[in-house]
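# Structure for this input, please:
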Amino acid sequence: MGNKRDFRKDYRNKNRGNFNNPPREKPEENKIILKCEICMQDIQDISSAIALPETGNPAHFDCVLKRIKENENLREKEQLVYLGSGTFGIIENISTNQNPNFKIIRKIDFEDHENIPEWRKQMIKVKI
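Reported below is the predicted structural model:
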């Protein structure tokens with residue numbers, strides 16, 4: 001029983017500024033600052049970037065969404081949505097008051113799934 005640590009004492013010492021364990025320095029994250037190839041602005045959140053299929057370079061999610069909307073002719077009840085993993089879809093709302101529902105009209109595979117860009121590989125390494 002004599003070798004049990006009294007955490008209450010540690011807590012009191014922490015408030016006085018002399019905690020037993022010195023604060024750990026946070027490792028510097030490798031911040032990757034890249035520019036969107038569509039709008040040429042810095043990408044603040046690289047995890048939400050989408051790789052352009054032509055070059056593999058990153059672009060803002062909103063810029064990609066805008067580009068796809070410009071290239072697609074959406075009808076009245078159709079919407080462009082993100083389905084995940086670099087895939088967008090055009091959906092049609094077939095909702096009723098009691099049953100909200102939609103139908104996927106077409107999938108648009110935007111990202112190249114076979115060739116992972118280098119910036120994405122670096123992002124994966126940083127998160128691990």
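# drop to CA atoms for contacts and neighbour counts, all remaining ones
Fine.
# hang on, isn't residue 81 packed against residue 91?
Yes: between residue 81 and residue 91 there is a contact under C-alpha atoms under 8 Å: 7.2 Å.
# Give me the more crowded residue out of these two.
residue 91 (18 against 15; other C-alpha atoms under 10 Å).
# The more buried one should be in a strand, yeah?
Yes: under DSSP: H, G, I helix; E, B strand; the rest coil, residue 91 falls within a strand.
# mind checking which helix or strand the closest residue to it other than its chain neighbours is in?
In space, not counting the residues next to it along the chain, residue 91 is nearest to residue 104; the distance is 4.3 Å by C-alpha to C-alpha, 6 or more residues apart in numbering. Using DSSP states H and E, the secondary-structure element containing residue 104 is strand 102-109.
# quick one: that strand to chain centroid distance?
Centroid displacement of strand 102-109 relative to its chain, using C-alpha atoms, centre = their mean, to the nearest Å, is 21 Å.
# helices or strands next to it in the packing?
With contacts defined as 3 or more C-alpha pairs under 8 Å, 6 or more residues apart in numbering; DSSP states H and E, strand 102-109 has these neighbours: strand 87-93.
# Do me a favour and average the pLDDT over the strand it packs on.
Averaging pLDDT along strand 87-93 yields 91.
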